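> Everything below, folded, please.
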Amino acid sequence: MASLQEQLLKAGLTTKQKARQANTDKRKKNKQKRSGAKVETSIEEQVKDNVNAAKLEKQQKDQALNAAKQQALAEKEANLRIKQILEHHQITGIEGETVYNYTFENKVKKLYVDDKTLQALTNGRLAVCGLEQQVYVVTRETADKVAELAPSVILVKNDRVEEQMDEDDPYAEFQIPDDLMW
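Now for the predicted structure:
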């Protein structure tokens with residue numbers, strides 16, 4: 001019975017040169033096995049290594065994408081929470097004729113408020129917050145809570161001013177009106 005190699009030669013599926021090369025490769029492998037030397041990685045092992053490397057790379061890309069999606073979801077959730085807090089704690093009925101100027105997205109905006117609200121805004125009892133092109137007037141405590149989540153939402157939050165009287169001030173008994181418009 002003829003060997004597989006001879007059958008392939010007769011059928012014309014291979015050439016004598018390829019058959020000789022296969023025999024020499026086979027002899028080299030056998031010799032290396034007998035001598036205990038490490039056998040060169042075969043094509044199959046190289047393919048397996050390439051496949052494993054590709055799987056590892058794909059897994060790392062998937063993890064990076066997943067982390068990015070999780071971060072985007074967390075940011076969206078935080079924005080929704082902030083919006084809910086602002087809408088729930090928004091102070092209404094503050095419209096008036098007095099203009100209060102503030103900056104929102106690098107533009108000076110006007111808010112028409114009544115005198116009581118203006119006084120509360122300047123003293124720091126109220127704050128102005130802005131989210132998604134909408135402005136909210138909220139209490140200082142609400143603004144502090146929102147500032148913990150996203151400080152960029154706070155547009156105006158004045159520090160509370162405690163007026164200290166100077167003992168030697170000769171004009172201490174004369175009050176300066178805060179509602180004086182120039």
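
> Please count neighbours and contacts with C-alpha atoms only from this point.
Will do.

> where along this protein do the strands fall?
Ranges of strands in the chain, per DSSP state E, are 98-104, 107-113, 126-131, 134-139, 154-156.

> Highest mean neighbour count across the ones you listed, which stretch is it?
strand 126-131 (a mean of 22; mean count of other Cα atoms under 10 Å).

> Adjacent strands (with direction) for that strand?
Strand 126-131 sits in its sheet next to strand 134-139 (antiparallel), strand 154-156 (antiparallel), going by DSSP bridges.

> which residues touch that strand?
With Cα atoms under 8 Å, 6 or more residues apart in numbering as the test, strand 126-131 has contacts from 83, 86, 104, 117, 120-121, 135-140, 143, 153-158.

> Just give me how far that strand sits from the chain centre.
Distance, stretch centre to chain centre, for strand 126-131: 23 Å (Cα atoms, centre = their mean, to the nearest Å).

> model confidence over it, on average?
Confidence over strand 126-131 (mean pLDDT, whole number) is 90.

> What of stretch 47-59?
On average, the pLDDT along stretch 47-59 is 90.

> same check, this time on stretch 20-38
Confidence over stretch 20-38 (mean pLDDT, whole number) is 80.

> roughly how far is that stretch from the heart of the chain?
56 Å.

> List the buried residues in that stretch.
K29 (16 or more other Cα atoms under 10 Å).
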